[in-house]
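Asks: Sequence and predicted model, in that order:
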Amino acid sequence: MTAPRPKAGAAGFDQLFSSKAEGGLRVKTGIVELDEMLRGGFMPGDSVMVAGSAGSGKTTLGLQYLFNGVKLGEPGIYVTFEELPDQIYRDANNFGWDLRKMEEEGKFRVICTSPSLMLESGDGSLLEDVFREVQPQRLVIDSLSHLEMFVKKDDMRMEAYRMISYLKTRGISSILLWESPQISGGSFSVTDVGLSFLVDCIVALKPVEIESSMRKALVILKMRGSDHDKRLREFEITPAGIKIQSAFTNYEGIISGSPRKVASEKFMELFRGASEKRK
Ligand SMILES: Nc1ncnc2c1ncn2[C@@H]1O[C@H](COP(=O)(O)OP(=O)(O)OP(=O)(O)O)[C@@H](O)[C@H]1O
Ligand SMILES: [Mg+2]
């Protein structure tokens, strides 16, 4: 007799983190459905860009990735240019993530710095001491967009490249958050400074207005060297963090910002309407 398969999203914490074999050597986000979309998780050592508009859930996703990483035995560092430490600890606590405890255990560190300091250190020496102490396998930068204010547009790609290379040579799997006002079309032009092809994977978060309500969509725009879910999936920010739901199968044009029901769905609606009338 085989054990019943746990429903997606209903897996217990231990189950979630013990199935190393399933995803092979992947960096699990710990968000079950996202890991499924990524065919097990991100590729080790990859730089991932999480792009989305204000309030779309970038910071939440970044912190959840780090928190779950520590649970998996993978220490992490959160570099922020925008939020004050107290606010980060407080917001994370509201999701049930005790960052201070992880810091006390030496498995995690919040670094609040300014982009100019980060850039001055250039080669990343600002981070060296912390790296020695924490031995991170994961790192989140919140956000890369803030660097843009401190460097000329032409230099942005070089600075981002330096940072990405620095993390890669240390084998750190990174998530770079990027605030993008709009993500459009099938092209990968998530940023207008051409950062898209410096990163290995792009996850886009996008608010969508459907029938007068605001919903959230997540899509993996690219993932070098791996298959992945190509569909646009709905997600929610819940008191336990990000939860991914089903695909927006009945709509098209969501990425371009004008969702329409697909023809088959319209037909079904008309059909349902007609049969209701007949009753
Ligand atoms: N404890 C919580 N429970 C449920 N939802 C929450 C909680 N905390 C925040 N949220 C939701 O998450 C949203 C903000 O998410 P987050 O800060 O991750 O977005 P962001 O993309 O980083 O935003 P910004 O561009 O401002 O940095 C809030 O607007 C709220 O809807
Ligand atoms: Mg944020």
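Replies: Arrived safely, thanks for sending. Ligands and ions are numbered 1, 2, ... in the order given.
Asks: Residue 211 - how many residues pack around it?
Replies: For residue 211, the neighbour count with other C-beta atoms under 10 Å is 8. All C-beta atoms are positioned from the backbone trio N, CA, C, and that covers glycine.
Asks: Just read off the phi/psi values of it.
Replies: Backbone torsions of residue 211, given as degrees, to the nearest 10, read phi 50, psi 50.
Asks: Check residue 144 too.
Replies: In terms of degrees, to the nearest 10, the main-chain angles of residue 144 are phi -60, psi -30.
Asks: Who's the closest spatial neighbour of it, skipping the chain neighbours?
Replies: residue 176 (4.5 Å; C-beta to C-beta, 6 or more residues apart in numbering).
Asks: How far away from the center of its chain is the helix or strand where the one you found lies?
Replies: In this structure, residue 176 sits in strand 173-179 according to DSSP states H and E. Taking C-alpha atoms, centre = their mean, to the nearest Å, one finds strand 173-179 lying 7 Å from the centre of the chain it belongs to.
Asks: The strand or helix carrying residue 166 packs against which elements?
Replies: Per DSSP H and E, residue 166 falls inside helix 153-169. Counting contacts by 3 or more C-beta pairs under 8 Å, 6 or more residues apart in numbering; DSSP states H and E, helix 153-169 is packed against strand 47-52, strand 173-179.
Asks: quick revisit: could you check the helix or strand just after the strand holding residue 176 and say which residues are buried?
Replies: The first helix or strand that comes after strand 173-179 along the chain, using DSSP H and E, is strand 201-210. Neighbour-count burial for strand 201-210 flags 201, 202, 203, 204, 205, 206, 208, 210 (criterion: 16 or more other C-beta atoms under 10 Å).
Asks: Of those residues, just say which sits nearest to residue 65.
Replies: residue 203 (10.4 Å; C-beta to C-beta).
Asks: what's the distance between the residue nearest to that closest one when sequence neighbours are not counted and ligand 1?
Replies: Nearest residue to residue 203, sequence neighbours excluded (C-beta to C-beta, 6+ apart): residue 50, at 4.9 Å. Residue 50 sits at a distance of 9 Å from ligand 1 (criterion: C-beta to the nearest ligand atom, to the nearest Å).
Asks: Quick check: mean pLDDT of stretch 150-162?
Replies: Mean pLDDT, stretch 150-162: 87.
Asks: Enumerate the positions of that stretch that are buried.
Replies: 150, 151, 156, 157, 159, 160.
Asks: likewise stretch 134-150?
Replies: Result for stretch 134-150 [16+ other C-beta under 10 Å]: buried residues 134, 136-148, 150.
Asks: Spell out which parts of the protein neighbour ligand 1.
Replies: 52, 54-60, 91, 94-95, 179, 237-239 (C-beta under 6 Å from any ligand atom).
Asks: Let's verify the residue nearest to residue 33 when sequence neighbours are not counted: helix, strand, or coil?
Replies: Closest residue in space to residue 33, ignoring its immediate chain neighbours: residue 244 at 3.8 Å, by C-beta to C-beta, 6+ apart. Counting by DSSP: H, G, I helix; E, B strand; the rest coil, the backbone at residue 244 sits in strand.
Asks: What's the end-to-end length of stretch 65-84?
Replies: Terminal residues of stretch 65-84 are spaced 20 Å apart (C-alpha to C-alpha, to the nearest Å).
Asks: To clarify, my last question referred to stretch 40-53.
Replies: 26 Å.
Asks: What residues sit buried inside stretch 33-42?
Replies: Judged by neighbour count using 16+ other C-beta under 10 Å, the buried positions of stretch 33-42 are 33, 34, 35, 36, 37, 38, 39, 40, 41, 42.
Asks: Throw those into CSV and include pLDDT and secondary structure, thanks.
Replies: Formatted as CSV, those follow (pLDDT from 0 to 100; DSSP: H, G, I helix; E, B strand; the rest coil):
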residue, pLDDT, secondary structure
33, 97, helix
34, 98, helix
35, 98, helix
36, 97, helix
37, 97, helix
38, 98, coil
39, 97, coil
40, 97, coil
41, 98, coil
42, 98, strand
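Asks: of all these, which two lie farthest apart?
Replies: 33 and 42 (14.5 Å).
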